[in-house]
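[1] I would like the atomic coordinates for the input below:
(one chain, ligands or ions: 1)
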Amino acid sequence: MSAAAAPKMLARSGAFDLDAVRAQFPILGTTAHGRPLVYLDSAASAQKPRAVIEALTHFYEHDYANIHRGVYELSQRASALHDAARRKVQHFLGAADWREIVFVRNATEAVNLVAQSFLAPRLGPGDEILVTEMEHHANIVPWQLVAARCGAKVVAAPITDAGELDLAALAERLGPRTRMLGVVWVSNVLGTVNPVEEVVALARRRGVPVLVDAAQAVQHFPVDVRALGADFLVFSAHKIYGPSGVGVLWGRLEHLAAMPPWQGGGDMIERVAFEGTTFAEPPFRFEAGTPDIAGIHALGVALDWLQALGLEAVAAHEASILAQAEAALAEIPGLRVLGAPRKRTSLLSFTLDGVHAQDLGTLLDLEGIAVRTGHHCAMPLHARLGIPASARASFAAYTSPAEIEALARALQRIATRWR
Ligand code: PLP
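    The predicted structure is shown next:
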């Protein structure tokens, strides 16, 4: 579908035509174990609309060449599309300057870049990096790697039993040795939407730079990095209807301009000589080697697609799906939803008495229902909750009420038969 066709999707109900949205996702018409696929694992990775799939094919068939290297027309066309994708991301995030957008492989790599290039040079023995108990491993382990190298340590701000940040405790943990704060906008386990504006303001008042992990945020509600006031923000294309293999780091230009390269090679240099090398300006300084050219173009198309659909309309649809799921799961005997935050979006994690999360995932799979099971790359959070694993159902623009009913029916059967 072209971006221009998307507004038609809004026409039928006056707000959001779910059938028309679903029709854009070829995979939703497939089966699993002979049953219609019920895909409830969008927080792990979102499925792709035809617009994105076709953009990849079209790019390889008509526009593909390496970028920023050729004088010939095709390379210049590929380069222009690449540059256009960067500006699309800039506008999507409300960033002041296209040079603030760095393309990497995924959100994880973006955090590693900041940890190694921005933080490591500022980190000394006894220093602290503050994160929260609800972080994904991507916002813990990169900091631990640099902390170990520099004699610093990673400490965690606690969460409440409801699964929210404890802002007073977080403020207390922001001490004189805190050199960085990493905070997740939306928890990939609890669905909690954290008050990141408040958290950022708190940290910046103390002169502590903040990285916001927006991997579960940008696909669910509009984000404006200028209003947010953070120092860095990261997300992955594959969770926002784009291809896998592409991630985005947004950073304040003054930080990026002062940061050394973290990987060396082609494209990131100004001049190379055996006597010494000088480096390109951001963002190119951080983009060594040939990037995922087609994937970055397709990310731009995914953002066009989502914006044409309307993030507010998507958010309203997902809120109604979440409310339906919360009500339906509350009826299942022995099922416990993790956390009860006041503000939650698009996912629910749960345990079922007497059934291990892994078995639960397998039993649901046999009915064609795909959910995530395990620790969801958040082992410290599961330890805090006192459980080894959970199951998670997560939702996207294409999730239907019928799919939630299918999940609830299956859980009801499992709860009566297997407990
Ligand atoms: N942060 C959060 C909150 C996530 O949910 C994820 C992925 O699940 C990541 C970071 C890491 O994303 P990626 O594996 O695409 O780097």
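
[2] Would you map out the domains in the chain?
    Domain assignment for the chain by automatic domain parsing gives 5-48+310-418, 55-306.

[3] Dump the ones you listed into a markdown table; add distance to the ligand, mean neighbour count and mean pLDDT as well.
    (Glycine included, C-beta is placed from N, CA and C.) Conversion of the domains of the chain to a markdown table gives the following (distance: least, CB to the nearest ligand atom, whole Å; neighbours: other CB atoms under 10 Å; pLDDT from 0 to 100):
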| stretch | distance to the ligand | mean neighbour count | mean pLDDT |
| --- | --- | --- | --- |
| domain 5-48+310-418 | 6 | 18 | 93 |
| domain 55-306 | 3 | 19 | 97 |
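
[4] Enumerate every residue touching the residue lying closest to V184 once chain neighbours are set aside.
    Closest residue to V184 apart from its sequence neighbours, by CB to CB, 6 or more residues apart in numbering: D213 at 4.4 Å. The contact partners of D213, by CB atoms under 8 Å, 6 or more residues apart in numbering, come to A107, V111, E135, H136, A138, N139, G182, V183, V184, W185, L233, V234.

[5] repeat for H136
    With contact set as CB under 8 Å, 6+ apart, H136 has these partners: V184, N188, D213, A215, H376, C377, A378.

[6] If we use 7 Å, what do you get?
    Listed by CB atoms under 7 Å, 6 or more residues apart in numbering, the contact partners of H136 are V184, N188, D213, C377, A378.

[7] I'd like these laid out as CSV, including secondary structure.
    Formatted as CSV, the contacts of H136 follow (DSSP: H, G, I helix; E, B strand; the rest coil):
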residue, secondary structure
V184, strand
N188, coil
D213, strand
C377, coil
A378, coil
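
[8] out of these, who's nearest E326?
    Of all these, N188 has the smallest distance to E326: 17.5 Å, by CB to CB.

[9] Inside strands: which ones of the contacts of D213?
    Counting by DSSP state E, the contacts of D213 place G182, V183, V184, L233, V234 in strands.

[10] What is the nearest of those residues to H382?
    For those, the minimum distance to H382 (CB to CB) is 14.9 Å, reached by V184.

[11] if I read this right, that closest one contacts M134, doesn't it?
    Yes - V184 is in contact with M134 according to CB atoms under 7 Å; the separation is 6.1 Å.

[12] ranges for the strands of the stretch 101-250 of the chain?
    Taking DSSP state E, counting those that start in this stretch to define them, one finds strands in the stretch 101-250 of the chain at 101-104, 128-132, 153-157, 178-184, 210-213, 232-236, 247-251.

[13] Tell me which of these lies nearest to I414.
    When those are compared for distance to I414 using CB to CB, the nearest one is strand 178-184, at 30.3 Å.

[14] The closest one to strand 153-157, inter-axis angle?
    Counting by axes from the mean of the first three to the mean of the last three CA atoms, to 10 degrees, strand 178-184 lies at 50 degrees to strand 153-157.

[15] who does strand 178-184 touch, helix- and strand-wise?
    Applying 3 or more CB pairs under 7 Å, 6 or more residues apart in numbering; DSSP states H and E, we find strand 178-184 packed against strand 128-132, helix 196-205, strand 210-213.

[16] what about the helices in the stretch 151-300 of the chain?
    Taking DSSP state H, counting those that start in this stretch, the helices of the stretch 151-300 of the chain run over residues 167-173, 196-205, 225-228, 253-258, 293-309.

[17] what's the answer for the stretch 301-419 of the chain, then?
    Applying DSSP H, counting those that start in this stretch to the stretch 301-419 of the chain gives helices spanning 311-330, 357-366, 379-385, 401-418.

[18] Dump these to CSV, plus distance to P49.
    CSV is the format used below for the helices of the stretch 301-419 of the chain (distance: least, CB to CB, whole Å):
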stretch, distance to P49
helix 311-330, 12
helix 357-366, 24
helix 379-385, 31
helix 401-418, 17
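
[19] Make JSON lines from the strands of the stretch 101-250 of the chain and add distance to I321 to it.
    Converted to JSON lines, the strands of the stretch 101-250 of the chain look like this (distance: least, CB to CB, whole Å):
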{"stretch": "strand 101-104", "distance to I321": "31"}
{"stretch": "strand 128-132", "distance to I321": "26"}
{"stretch": "strand 153-157", "distance to I321": "30"}
{"stretch": "strand 178-184", "distance to I321": "22"}
{"stretch": "strand 210-213", "distance to I321": "23"}
{"stretch": "strand 232-236", "distance to I321": "21"}
{"stretch": "strand 247-251", "distance to I321": "26"}
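
[20] Quick check: which of these is nearest to D19?
    D19 lies closest to strand 232-236 among those, at 28.0 Å (CB to CB).

[21] Who are the packing partners of the closest one?
    helix 107-113, strand 210-213, strand 247-251.

[22] got TSV for the ones you listed, with distance to A327 too?
    Listed next are the helices and strands packed on strand 232-236 as TSV, based on distance: least, CB to CB, whole Å:
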stretch	distance to A327
helix 107-113	32
strand 210-213	29
strand 247-251	35
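
[23] Out of those, which is closest to Q24?
    The minimum distance between Q24 and the helices and strands packed on strand 232-236 falls on strand 247-251, with 22.9 Å, by CB to CB.

[24] Now do the closest one against helix 293-309, angle only.
    Orientation of strand 247-251 against helix 293-309 (the same axes, to 10 degrees) gives an angle of 70 degrees.

[25] S349: which of the helices of the stretch 151-300 of the chain is closest?
    That would be helix 196-205 among these, by CB to CB, at 20.5 Å.

[26] ranges for the helices of the stretch 1-150 of the chain?
    Under the criterion DSSP H, counting those that start in this stretch, the stretch 1-150 of the chain carries helices at the ranges 18-22, 50-58, 73-93, 107-113, 141-150.
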